[in-house]
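**Student:** build me a model from this:
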Amino acid sequence: MSGKQTPRPRQAYIETFGCQMNERDSEIMGQLLSQADYTITSELHRADVVVVNTCSIRGKAQQKAMSLLGRLKLAKKKRPGLIIAVTGCVAQQEGAAIRERMGHVDLVIGPQNLQRLPELIRQVKSGGPGGVAIEQSNTFNLPAFIPELESSALPHKRFVTIMQGCNNFCTYCVVPYTRGREVSRAPADILAEVRHLVAGGVKEITLLGQNVNSYGMERQERDFPNFPDLLRLVAAEPGIVRLRFTTSNPKDLSPELMRCFAELANLCPHFHLPVQSGSDVVLKRMNRKYSRAEYLEKVAGLRAARPDIAITTDLIVGFPGESEADFEATMALLEEVRYHGAFSFKYSDRPKTVSAGFADKVEESVKAARLNRLQARQQEITMARHQEDIGKVMAVMVEGESRDGDGQWSGRSDTNLVVNFSGVVGTLKPGEMVQVRVEAACQNSLRGTLS
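**Tutor:** Numbering: from 1, shown residues only. Next comes the predicted model:
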């Protein structure tokens, strides 16, 4: 018996490097590809299209992405029809140079051109030569469609982009060059997306931007909201159990935003407030536009508004010219603030940045020793912070069964800490709220029993 074979569904694989903005961009590209009749696969070898969504904030992330692209050359030889696209900040930064160095790459697409992905893929499939799309504009130009919900691994929580770009020009950072200038999204569009998500069962929303504190500052309209105004609008939407945001620059942290933590019941008591260094000398060379004293004043203001707030941060060690005294100032800051957690990194030169031209670089061995010392001390502080929660009963939003198994479940506290717990009768759903009594502290999580 003969008949026509059903054609194999076209499949696309997306590998994401970097920050939450890239995660959200990958979601957008996944939906664009789904609308173009591609199935998103987690198996690279099955893909007809591979998208490598890159990050250039740190050298290591860029190296990982370029390594993957190098390995894809063999896949392209085996399957000449494979389409390879590079997106994200490295794509914007390097542009056509990527295709010149890597002839097997078909498309190079910057963050402001994601909506062109299906169109450019069609061009390649039709025999076109591939291309580079890295044009930038001063309008908010991410696709305006409402996101799908079914494909999310954690359907109860989603990111919502509220702005793109950055105007700060920290001397070590490529973001103003790769993502352009600050552009705020219309509040009506943000609220429409939030309402759709909540109607689909989403309980937790995280508002995203390179510097959310400056939302609305570039707009001339008299009635355009600032970031605290936007927070209040989103928090008032029925059905939002938890509201978060990231990332913030301390220079734009206002008393009005601090008051939101005291006044908005569903705004989670967690603030990621990157400091980068505890030394005024280094902060000035970084062009961070705040002093150590001003930063500490804002930490105190946050804790006055919400005493149980968990504060986390970013730290760079070995910035050009960083002396031993500068580094000790950073170590002293750890002791004073006692962060709940910190992401810390060795400084690395990034293309086009001012600091790449600084002559007084710190030796790699010195950077490594300082980073090891800082991370070891911060781990001790983090553990002590976790131990403060022992004996407390806390509200936990369920994420699913714990990786540890044995009937354990896992969720997150409002301070964004993983909580593993037992004592469950029946099945829990992602997004469900439970009360957990904390019985033990671990380095990266808490353990407890359903209360």
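
**Student:** what residues sit buried inside the helix ranked longest in the chain?
**Tutor:** If each helix of the chain is counted by residues according to DSSP state H, the longest one is helix 364-387. For helix 364-387, the neighbour count (16 or more other CB atoms under 10 Å) marks 366-367, 370-371, 374-375, 378, 381-382, 385-386 as buried. All C-beta atoms are positioned from the backbone trio N, CA, C, and that covers glycine.

**Student:** stretch 232-248 too?
**Tutor:** For stretch 232-248, a neighbour-count test (16+ other CB under 10 Å) marks 234-235, 240-248 as buried.

**Student:** and if you look at stretch 261-274?
**Tutor:** Buried residues in stretch 261-274, counted by 16+ other CB under 10 Å: 261, 264, 266-274.

**Student:** for these, work out which two are farthest apart.
**Tutor:** Considering CB to CB, no two members of these lie farther apart than Asn266 and Pro274, which are separated by 24.1 Å.

**Student:** which stretches of the stretch 51-200 of the chain form strands?
**Tutor:** With strands called from DSSP state E, counting those that start in this stretch, the stretch 51-200 of the chain shows them at 83-88, 107-109, 131-133, 157-161, 163-164, 183-184.

**Student:** could you dump these to CSV with mean neighbour count, distance to Thr312 and mean pLDDT?
**Tutor:** Formatted as CSV, these follow (neighbours: other CB atoms under 10 Å; distance: least, CB to CB, whole Å; pLDDT from 0 to 100):
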stretch, mean neighbour count, distance to Thr312, mean pLDDT
strand 83-88, 25, 24, 96
strand 107-109, 25, 32, 97
strand 131-133, 19, 35, 93
strand 157-161, 21, 17, 93
strand 163-164, 24, 21, 92
strand 183-184, 22, 25, 93
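
**Student:** want to try CSV for these, with distance to Phe327 as columns?
**Tutor:** What follows is the strands of the stretch 51-200 of the chain, written out as CSV (distance: least, CB to CB, whole Å):
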stretch, distance to Phe327
strand 83-88, 32
strand 107-109, 38
strand 131-133, 41
strand 157-161, 34
strand 163-164, 33
strand 183-184, 37
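
**Student:** to Val438, which of those lies closest?
**Tutor:** strand 157-161 (21.6 Å).

**Student:** can you list contacts of the closest one?
**Tutor:** Judged by CB atoms under 8 Å, 6 or more residues apart in numbering, the contacts made with strand 157-161 from elsewhere in the structure are 20-21, 23-24, 27, 142, 147, 149, 152, 185, 190, 193-194, 197, 202-209, 242, 397, 431.

**Student:** next: stretch 123-143.
**Tutor:** Under the criterion CB under 8 Å, 6+ apart, residues 28, 32, 83, 91-92, 95-96, 99, 105-110, 112-116, 120, 161, 163-164, 180-181, 183-186 lie in contact with stretch 123-143.

**Student:** identify each buried residue in it, please.
**Tutor:** The neighbour-count check on stretch 123-143 (16+ other CB under 10 Å) flags 123-124, 130-134, 136, 140-142 as buried.

**Student:** that'll do, ta.
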